[in-house]
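In: When you get a sec, could you give me coordinates for this:
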Amino acid sequence: MEKIAGANGSTLIVSILLPLSYVSLVQLFDYNGTNRNEEKSIRKRFFGAILSNLASISITYYYLKDEVSSPFLEMGIRFDHIGEAISYPMTLGFSLYFGQFVMMYIDRTIHYYFDIDEWKRSFRSLQWIRDIIVGPITEEIAFRCCSAVLMNRCLGAKWTLFCAPLPFAISHFHHIFDDQRRGHSLAHSILQRTFQFCYTFVFGLFVTHLMLTTRHFIVPIVAHMICNSQGLPLYWAVGNYPNRRDRFILYISYTAGLLLCIYQLKSQHGMPTPNF
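Out: Numbers count the residues shown, from 1 in each chain. Below is the predicted model:
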């Protein structure tokens, strides 16, 4: 979709402010909190994130209602093609992390994915619920369904693909305050969050592309859940394996998985049909 002539500067400003308001509300609800991983802080931040989503959806609806016939469809909030909306990002994620799964098989840790007790412990952990469920859902609604969609109407798809991930990536710098409350030095905090900025920007490119091409809110949410559960691909750790055969298998697995993921993105095979 190209730049929409009716979109104005205020729409662009709002699209930039929505991700920042998400972070601000999350921080505001946990004002004076000392540890973001404490259950009390996590619950407070849940309320801030949910309130931000309600506000973001309402504001985005207001800006879209006179421009499109269905603002919710424009935001990707739809429930058709559920199967493809789940399977498509899962296939992409499993391809991207194929080397990781092979690594877990070699390390004999992959069985944890099939351990019922491990799943029960996860669902009892507020940190896990935050990282794998609530965080991805609320962040993708604010950053992709609302911010990126409004920005796309002002800048067009190509510029949005680059610009939309910036507020999401920049927002991670607010963790510097959490780091310092936990005793880390300012220099250490800045270095750590700068690295996080870099890889979350790349991740933002990925999920923004998914949102703009599928216009289905479930797609970036599922992709975000998978990426949060796996973390960064451990390609750098392959060299630590003493067995040459294991290293060869892992290098091939990581490379093949990445190439397959790129192919799937280009071919869009299995992608839910965009509703625009």
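In: How many neighbouring residues does residue 65 have?
Out: Residue 65 is flanked by 12 other residues according to other Cβ atoms under 10 Å. Every C-beta, even on glycine, is put in place using the N, C-alpha and C of the backbone.
In: For it, grab phi and psi.
Out: Main-chain torsions, residue 65, degrees, to the nearest 10: phi -60, psi -30.
In: Which neighbouring elements make contact with the helix or strand containing residue 220?
Out: Per DSSP states H and E: residue 220 is located in helix 218-230. Packed against helix 218-230 by the contact rule (3 or more Cβ pairs under 8 Å, 6 or more residues apart in numbering; DSSP states H and E) you find helix 82-96, helix 135-140, helix 186-214.
In: Run the angle between the first one and helix 218-230 for me.
Out: What separates the directions of helix 82-96 and helix 218-230 is an angle of 40 degrees, with axes from the mean of the first three to the mean of the last three Cα atoms, to 10 degrees.
In: what is the mean pLDDT for helix 82-96?
Out: On average, the pLDDT along helix 82-96 is 95.
In: Then the last one?
Out: If you average the pLDDT over helix 186-214, you get 91.
In: buried set for it?
Out: Residues of helix 186-214 classed as buried by neighbour count (16 or more other Cβ atoms under 10 Å): 189, 193, 197, 200-201, 203-204, 206-214.
In: helices or strands up against that helix?
Out: For helix 186-214, the packing partners by 3+ Cβ pairs under 8 Å, 6+ apart are helix 82-96, helix 157-163, helix 165-170, helix 175-181, helix 218-230.
In: Give me the contacts around the third one.
Out: Under the contact criterion Cβ atoms under 8 Å, 6 or more residues apart in numbering, helix 165-170 has outside partners 16, 18-20, 139, 143, 147, 197-198, 200-201, 203-205, 208.
In: any idea which of those residues is the one closest to residue 234?
Out: Nearest to residue 234 among the contacts of helix 165-170, counting by Cβ to Cβ, is residue 203 at 15.8 Å.
In: Quick check: the closest one touching residue 227?
Out: Yes: between residue 203 and residue 227 there is a contact under Cβ atoms under 8 Å: 6.0 Å.
In: Select, out of the helices and strands packed on helix 186-214, the one closest to residue 249.
Out: Of all the helices and strands packed on helix 186-214, helix 82-96 comes closest under Cβ to Cβ, at 16.5 Å.
In: So what angle separates the directions of the one helix or strand residue 120 maps to and helix 218-230?
Out: Assigned by DSSP H and E, residue 120 belongs to helix 116-123. With the same axes, to 10 degrees applied, the angle from helix 116-123 to helix 218-230 works out at 110 degrees.
In: residues of the next helix or strand after helix 116-123 that come out buried?
Out: Per DSSP H and E, the first helix or strand lying C-terminal to helix 116-123 is helix 126-129. Under the neighbour-count criterion of 16+ other Cβ under 10 Å, helix 126-129 has residue 126 buried.
In: where's residue 72, which helix or strand?
Out: With DSSP H and E as the test, residue 72 turns up in helix 71-74.
In: before we move on, back to that, which positions within the helix holding residue 220 qualify as buried?
Out: The neighbour-count check on helix 218-230 (16+ other Cβ under 10 Å) flags 218-228, 230 as buried.
In: Likewise for stretch 47-56?
Out: 48-53, 55-56.
In: How about stretch 261-273?
Out: Under the neighbour-count criterion of 16+ other Cβ under 10 Å, stretch 261-273 has 261, 264-265, 271-272 buried.
In: How about stretch 241-260?
Out: Neighbour-count burial for stretch 241-260 [16+ other Cβ under 10 Å]: 241, 249-250, 253-254, 257-258, 260.
In: so can I have a markdown table of the residues you listed showing distance to residue 30, pLDDT and secondary structure?
Out: Below are these laid out as a markdown table (distance: Cβ to Cβ, whole Å; pLDDT from 0 to 100; DSSP: H, G, I helix; E, B strand; the rest coil):
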| residue | distance to residue 30 | pLDDT | secondary structure |
| --- | --- | --- | --- |
| 241 | 41 | 95 | coil |
| 249 | 44 | 97 | helix |
| 250 | 40 | 97 | helix |
| 253 | 40 | 97 | helix |
| 254 | 37 | 96 | helix |
| 257 | 37 | 96 | helix |
| 258 | 37 | 96 | helix |
| 260 | 40 | 96 | helix |
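In: what's the angle from the helix holding residue 220 to helix 186-214?
Out: Using the same axes, to 10 degrees: helix 218-230 against helix 186-214 is 150 degrees.
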